[in-house]
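> What follows is a predicted protein model with its sequence.
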Amino acid sequence: MASPMRIRATEKDGEVDVKVLMRHIMETGQRKGGDGKPIPAWYIETVDAQVGGITVFLAQLGPAVSKDPFLHFKLNKGVNKGDELTITWKDNKGESRTDTTEIK
Amino acid sequence: MNEQRRTLMQLTALVGLMASSGLMTTAEAAAWNEAAFKAKTIDDVVKVFGASGMPERSDAVNLRAPDIAENGAVVPVGVETTLNATQMAILVEKNPSALAAMFELSEGAAPFASTRVKMGQTSDIYALVKADGKWFMASKEVKVTLGGCGG
């Protein structure tokens, strides 16, 4: 079970500032373990941000994104204080995690 | 009899083709762009993006990255533009695969995105922005003191 994300979404002057911190190893597949065998890649592939069931921002990540990925983006149209922002990530092993926060 | 069968087969093939092409457009929207992320060099990524040649450099594309990154495992990189962007991407030239992250902006998202990436060594970072069907770019060299991709 993946750890919860930390999401902060704050509205100011009609623009919503969203910061997301996900917990994930983001293994590149380039490293070798103690036994000399390569450690298989394991990373988040997509991060989908939705408001009212509609995707407003979509990120595709590669293994080059740092461990415990941080994402910062802004929404400036059709999003208001009190709306629920739902973020879902999926990784290359098919695991996923969804968290929801209220825009403050 | 034979002719009927042939017509039927042609019809089936046509319907199948339509279904598969229809499916592809829906899948494309949400699916991870494997070809782009597996591409080694910036040129290859740009080709996957369907740009004709290297994107034009633009002052409207603002790439935020440090001059020197002490820790290559965590390098903050941001892209911002005044263009009417629909897609943005961050690439690290000397990483094993150049593309680090790409962002799709739908109605409601401002043309801004920031994240943290790993860098194996000192390299140029590129920000690509697609606006009105055309790609634009900006780049900046980031010096890495300690690589972030080694074991």
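Noted; the coordinates are in hand. Numbering: from 1, shown residues only, chains lettered A, B, ... in the order given.

> Would you mind listing what in chain A touches chain B?
A:15, A:28, A:30-32, A:45-46, A:48, A:51, A:54-67, A:69-79, A:92 (Cβ under 8 Å from any Cβ of the partner chain). The C-beta positions use only the backbone N, C-alpha and C, and glycine is treated the same way.

> The nearest residue to B:Asp44 once chain neighbours are set aside and A:Thr55: what is the separation?
With sequence-adjacent residues excluded and distances taken as Cβ to Cβ, 6 or more residues apart in numbering or on different chains, B:Asp44 is closest to B:Ala98, at 7.4 Å. Using Cβ to Cβ, to the nearest Å, B:Ala98 is found at 26 Å from A:Thr55.

> and B:Thr43, what does it touch?
Let me fix one detail, which is that residue B:43 is Asp and not Thr. By Cβ atoms under 8 Å, 6 or more residues apart in numbering or on different chains, the contact list for B:Asp43 reads B:Met54.

> how about low-confidence regions in chain A?
Scanning chain A for pLDDT under 70 picks out the ranges A:1.

> mind pulling up the phi and psi values for the residue sitting nearest the centre point of it?
By Cα atoms, centre = their mean, chain A has its centre lying nearest to A:Val47, at 4.6 Å. Phi and psi for A:Val47, reported as degrees, to the nearest 10, are phi -130, psi 120.

> domains for chain B, by residue range?
As assigned by automatic domain parsing, chain B contains the domains B:1-31, B:34-146.

> can you give me the mean pLDDT across the longest one?
By that I understand domain B:34-146. Mean pLDDT, domain B:34-146: 95.
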